[in-house]
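> With the input below, show me the fold.
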Amino acid sequence: MKLKMKSLALSAAVSVFALPAFAAEEVKIGVPSWTGAQAIAYLLGAVVEMRIGGTVEYVPGNNATIFQAMDQGKGDIDVHPDVWLPNQQSFTQKYVDEAGTVTLSSNPYEGNQGFCVSKDFGEANNITDIADLGRPDVAALMDSDGNGRGEMWIGAPGWASANVNEVKVRDYGLMDFIEPIRAEESVKTARIKDSIAKGEGYAFYCYKPHAVWFMFDVEMLSEPAFDPEKYVMVQPSDDPDWFDKSMVATKDALKDVQIAWSKSLVDRSPAIAEFFTNFQVTSDDVSNFAYEISANGRDPAEVAREWVEANPDRVDAWLGL
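The predicted model follows:
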């Protein structure tokens, strides 16, 4: 009898020590500066916490920082929530294709990039195409600091797309008329609001999905149709002479946008890694998230938790249930 009791006690002890294998599921989610990435980051985190029972830490960072951390596989940052391709192809080629240390999701949503103006500004000045920003009368209306060139926001510091857009400003022949500005996205949003309120001219890099389409009445300008022969982009991570060696005189192709995660996560937190494999959202999902966060000023964690509670079937599919 004593032997049996000892065996039961040993079994119980083994069970107790086995529990943390699932309870130890944890992930550190990279959070880039743009709103769509923040929305997806907190949605991933909400599912991990609410449905997997894991722990989550959110780590701000740019593309280079997040990819380098995923490559190292030490758990400093485990996932990038919003990889735009081919914008970030220099990173995926290095860490996904060559090093094999990062996994890229096979469930992308579609992204579209371009340049926008407010509808009122465009209609009042017959601005429909990117070339119109090179008209002296339009550039003068966009010149808020009196330096002779109109300002155009091309993206935030650290964005691969901002590098592309700076090359475009040059290769579209706009550099004499347009000053490419890099600043955080919040600066751009405030400037759009202010320019519309004051009836001033302003142009900015825009993309779908994004909250801006719900926040303001804006229109995307036309560009020359995508031509791979006129789209040769070298990123700074590949060559210090990237600007001189690049040539982009065409609209971007439609993008594939997906998440990426460190391959080491499979061993450290297998349930979370499996969830990432199945995760998929739509452009409308991301736009709605971004609108709630940017326009309504809501906490992204709160928005994400509400969505998880309201969409159990979709979350079940992600978790393979």
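> count of residues packed around residue 157?
10 (other C-beta atoms under 10 Å). Where C-beta positions appear, they are placed from N, C-alpha and C, glycine not excepted.
> what is the rounded mean pLDDT of the helix or strand hosting residue 164?
In this assignment (DSSP states H and E), residue 164 forms part of helix 160-171. Over the span of helix 160-171, the pLDDT mean works out to 96.
> what's it packed up against?
With contacts taken as 3 or more C-beta pairs under 8 Å, 6 or more residues apart in numbering; DSSP states H and E, helix 160-171 sits against strand 150-155, strand 178-182, strand 203-208, helix 242-245, strand 247-248.
> residues contacting residue 230?
By C-beta atoms under 8 Å, 6 or more residues apart in numbering, residue 230 lies in contact with 224, 247, 248, 249, 250.
> What are the phi and psi values at the closest residue to the first one other than its chain neighbours?
The shortest distance from residue 224 to any residue that is not its chain neighbour, by C-beta to C-beta, 6 or more residues apart in numbering, is 4.9 Å, and that residue is residue 250. Summarising the backbone geometry of residue 250 under the convention degrees, to the nearest 10, its torsions are phi -160, psi 160.
> For residue 127, see how far away residue 250 is.
Remark: distance between residue 250 and residue 127 (C-beta to C-beta, to the nearest Å) = 20 Å.
> So between those two, which is more surrounded?
residue 127 (22 against 18).
> give the contact list for that one.
Taking C-beta under 8 Å, 6+ apart as the test, what residue 127 contacts is 117, 121, 133, 138, 221.
> A strand includes it, no?
No. Per DSSP: H, G, I helix; E, B strand; the rest coil, residue 127 lies outside any strand segment and is coil.
> buried stuff in the helix or strand hosting residue 195?
Residue 195 belongs to helix 185-198 when assigned by DSSP H and E. Neighbour counts over helix 185-198 (16 or more other C-beta atoms under 10 Å) mark 185, 188, 189, 191, 192, 195, 196 as buried.
> Compute the inter-axis angle for that helix and strand 150-155.
Taking axes from the mean of the first three to the mean of the last three C-alpha atoms, to 10 degrees, helix 185-198 and strand 150-155 form an angle of 140 degrees between their directions.
> What helices and strands are in contact with helix 185-198?
Here helix 185-198 touches strand 109-118, helix 119-125, strand 150-155, strand 203-208, helix 212-215, going by 3+ C-beta pairs under 8 Å, 6+ apart.
> Distance from the chain centre to it, please.
Chain-centre distance of helix 185-198: 21 Å, with C-alpha atoms, centre = their mean, to the nearest Å.
> what's next to that helix, contact-wise?
By C-beta under 8 Å, 6+ apart, the list of residues contacting helix 185-198 from outside reads 33-35, 118, 120-121, 153, 156, 200-202, 204-205, 212, 215-216, 218, 294.
> Make JSON lines from the helices and strands packed on helix 160-171 and add mean pLDDT, distance to residue 229 and mean neighbour count to it.
Putting the helices and strands packed on helix 160-171 into JSON lines (pLDDT from 0 to 100; distance: least, C-beta to C-beta, whole Å; neighbours: other C-beta atoms under 10 Å) gives the following:
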{"stretch": "strand 150-155", "mean pLDDT": "97", "distance to residue 229": "23", "mean neighbour count": "25"}
{"stretch": "strand 178-182", "mean pLDDT": "97", "distance to residue 229": "24", "mean neighbour count": "19"}
{"stretch": "strand 203-208", "mean pLDDT": "95", "distance to residue 229": "23", "mean neighbour count": "23"}
{"stretch": "helix 242-245", "mean pLDDT": "97", "distance to residue 229": "16", "mean neighbour count": "13"}
{"stretch": "strand 247-248", "mean pLDDT": "98", "distance to residue 229": "9", "mean neighbour count": "18"}
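> With respect to residue 276, which of the ones you listed lies nearest?
Smallest distance to residue 276 across the helices and strands packed on helix 160-171 (C-beta to C-beta): 23.3 Å, for strand 203-208.
> quick one: strands adjacent to the closest one?
Counting by DSSP bridges, the strands paired with strand 203-208 are strand 109-118 (antiparallel), strand 150-155 (parallel).
> out of those strands, which comes closest to residue 28?
Nearest to residue 28, of all the strands paired with strand 203-208, is strand 109-118, at 23.3 Å by C-beta to C-beta.
> Buried residues of the closest one, list them for me.
For strand 109-118, burial by neighbour count (16+ other C-beta under 10 Å) applies to 109, 111, 112, 113, 114, 115, 116, 117, 118.
> And stretch 52-64, by the same measure?
For stretch 52-64, using 16+ other C-beta under 10 Å, the buried residues are 52, 54, 56, 58, 59, 61, 63, 64.
> what's the spacing between the fourth one and residue 48?
Spelled out, it's residue 58. From residue 58 across to residue 48, the span is 11 Å (C-beta to C-beta).
> Nothing else from me, thank you.
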